[in-house]
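>>> Provided below for reference: sequence and predicted model.
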Amino acid sequence: MSRVGIGVIGNGNEVNPLDESELVEIETPYGKPSSPIAIGEVGDKRVAFLLRRGPDRDLAPPQIPNRANLWALKELGVRRIVGVGVCGALRMDVELGGLVVFDQFVDRTWGREHSYYLGHGTKLVSEANPFCRDLGGTLVTSARELDLPVQATGTVVVIQGPRFSTQAESELYRMVGWDFIDMITYPECHLARELELCYAHVAMVTDYDVGVLGAGAVTGAAIARVFAQKRERLLALLRAALPKIGRQPEDECATALALAEV
């Protein structure tokens, strides 16, 4: 099998950009990934697609085997990864169904396996700029060329899940000044950095979080409804952007371990 340079991690097949693919099962030192990995082509690029929450979407966010997922993609030769998801907005000046490419995160999770380097051989990896700026730029440029509503920056607070925030929690996040909220971006993005892979995350805004004035309670049904109406935006973006992704540059992603020794 020829090496695969690009990986996509999504919650469901609705954002699978591959028209034809073969499925590959991979064992890792961290167990099995969430799903078999589909491998095919988008334009002239070999792409691997992995279902973050499993084939039946039955893995809750804290149960996702993130270490196995990222390790398996690297085993296939993947060097650049696009995470795809949904998020809530902590501001009202954001269009539902619009897209955002995160540039910062705040971790509010607990108990997740979030590092490959625990105990002897620990490495302290910088997360000052946690998302690949080159890869994120490709996503933003491609979205704008398609006239898709997209924000080029945004701080996402990643909560534990699977429950949504209380109104008090949401109001706190909003008052601090964070922009978006989800349950899956961390530790996915950090594990990619520990493996010296490029990682960018694009999310669709599906709701206003409960702490936003007048928003009301967040429900899974409301999120699913917005996503069903606008999901073609994500698919169109992936099919336009993936062929434009070049080889991994010698950037802070590719050299993350150089200054990480303790």
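Arrived safely.
>>> and the residue sitting nearest the centre point of the chain, how far from residue 175?
Residue closest to the mean C-alpha point of the chain, counted by C-alpha atoms, centre = their mean, is residue 83 at 2.9 Å. Distance, residue 83 to residue 175, using C-beta to C-beta, to the nearest Å: 27 Å. All C-beta spots, glycine's among them, are computed from the backbone N, C-alpha and C.
>>> need the strands for the stretch 101-250 of the chain, in chain order.
104-108, 150-151, 155-159, 180-182, 198-208 (DSSP state E, counting those that start in this stretch).
>>> relative to strand 198-208, how tilted is the third one?
Angle of strand 155-159 versus strand 198-208, following axes from the mean of the first three to the mean of the last three C-alpha atoms, to 10 degrees, is 80 degrees.
>>> show me the contact partners of strand 155-159.
Strand 155-159 is contacted from outside by 87, 90, 102-109, 165, 169, 173, 177-186, 201, 203, using C-beta atoms under 8 Å, 6 or more residues apart in numbering.
>>> also the shortest one?
Contact partners of strand 150-151, identified using C-beta under 8 Å, 6+ apart, comprise 94, 98-101, 139-140, 143-144.
>>> and if you look at the first one?
Residues lying outside strand 104-108 but in contact with it, judged by C-beta under 8 Å, 6+ apart, are 130-131, 153-160, 178, 185-187, 189.
>>> ok, back up a step: select, out of the strands of the stretch 101-250 of the chain, the one closest to residue 31.
strand 198-208 (20.7 Å; C-beta to C-beta).
>>> who's in contact with residue 257?
Counting by C-beta under 8 Å, 6+ apart, residue 257 touches 123, 125, 194, 196.
>>> what's the closest of these to residue 33?
Closest to residue 33 out of these is residue 194 (16.5 Å), distances taken as C-beta to C-beta.
>>> hang on, the closest one packs against residue 115?
Yes. Using C-beta atoms under 8 Å, residue 194 is in contact with residue 115, at 6.4 Å.
>>> give me the more crowded residue out of these two.
residue 194 (20 against 14; other C-beta atoms under 10 Å).
>>> filter the contacts of strand 104-108 down to the buried ones, ChimeraX style.
Buried residues among the contacts of strand 104-108 (16 or more other C-beta atoms under 10 Å), as a ChimeraX selection:
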select :130,131,154,155,156,157,158,159,178,185,186,187,189
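>>> out of the contacts of strand 104-108, which is nearest to residue 7?
If you rank the contacts of strand 104-108 by distance to residue 7 using C-beta to C-beta, residue 189 comes first, at 12.9 Å.
>>> picking that back up, in helices, which of the contacts of residue 257 fall?
The members of these that map onto helices under DSSP state H are residue 194.
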